[in-house]
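# following is a predicted model, sequence given first.
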Amino acid sequence: MRAVKNRLRAFAPPGIFLALTCYFVWNAIHGRSGLEAQVIQRAQIQKAAADFQAAEAKRVFWATRIADLSGQSIHRDMLDEQARQVLNLANPNDLVIDLPPAQSGK
């Protein structure tokens, strides 16, 4: 009985430290701030950056279009193009060619 108690006392501290080490290693890999979570967060950051760049490109495009159509800096060609597109009209000086309707792939 005494030998069992002595062995238990000898193995208890290393066993406790091994259990604590396993706990911290598991959390370092699978925990909320672990390696797996960091990989997911990096992917989310890359997706958010791509979405931001797309939104920024759209914003710059529309800011340029608005600046071109507002105030004293109206470009006559752009205004003429927009009016023709909205009204579905052509300039009398334009050459218009009627094309046959596209045939389906039969």
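Looks like it arrived, so ask away.
# distance from the chain centre to whatever helix or strand Val25 lives in, please.
Element membership for Val25, per DSSP states H and E: helix 2-30. Between the centre of helix 2-30 and the centre of its chain there are 45 Å (C-alpha atoms, centre = their mean, to the nearest Å).
# helices or strands up against that helix?
helix 35-69 (3 or more C-beta pairs under 8 Å, 6 or more residues apart in numbering; DSSP states H and E). For every residue, glycine as well, the C-beta is placed using N, CA and C.
# burial check on Arg7, number of neighbours?
Other residues within reach of Arg7, judged by other C-beta atoms under 10 Å, total 10.
# do Leu79 as well
Neighbours of Leu79 (other C-beta under 10 Å): 12.
# pretty sure it contacts Leu69?
Yes. At 7.1 Å, Leu79 and Leu69 qualify as touching, with contact defined as C-beta atoms under 8 Å.
# would you put the C-alpha positions of the helix or strand harbouring Asp77 in CSV?
Here Asp77 is covered by helix 76-87, with elements defined by DSSP H and E. Provided in CSV are the C-alpha atoms of helix 76-87 (Å, rounded to 0.1, in the frame of the first residue of the first chain):
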residue,chain,number,x,y,z
ARG,A,76,-21.8,67.6,-74.3
ASP,A,77,-20.9,64.2,-75.7
MET,A,78,-21.8,62.4,-72.4
LEU,A,79,-25.1,64.3,-72.1
ASP,A,80,-25.9,63.6,-75.8
GLU,A,81,-25.1,59.9,-75.2
GLN,A,82,-27.3,59.7,-72.1
ALA,A,83,-30.2,61.5,-73.8
ARG,A,84,-30.0,59.1,-76.9
GLN,A,85,-29.9,56.1,-74.7
VAL,A,86,-32.9,57.1,-72.5
LEU,A,87,-35.0,58.3,-75.5
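# that's all I had, so thanks and see you.
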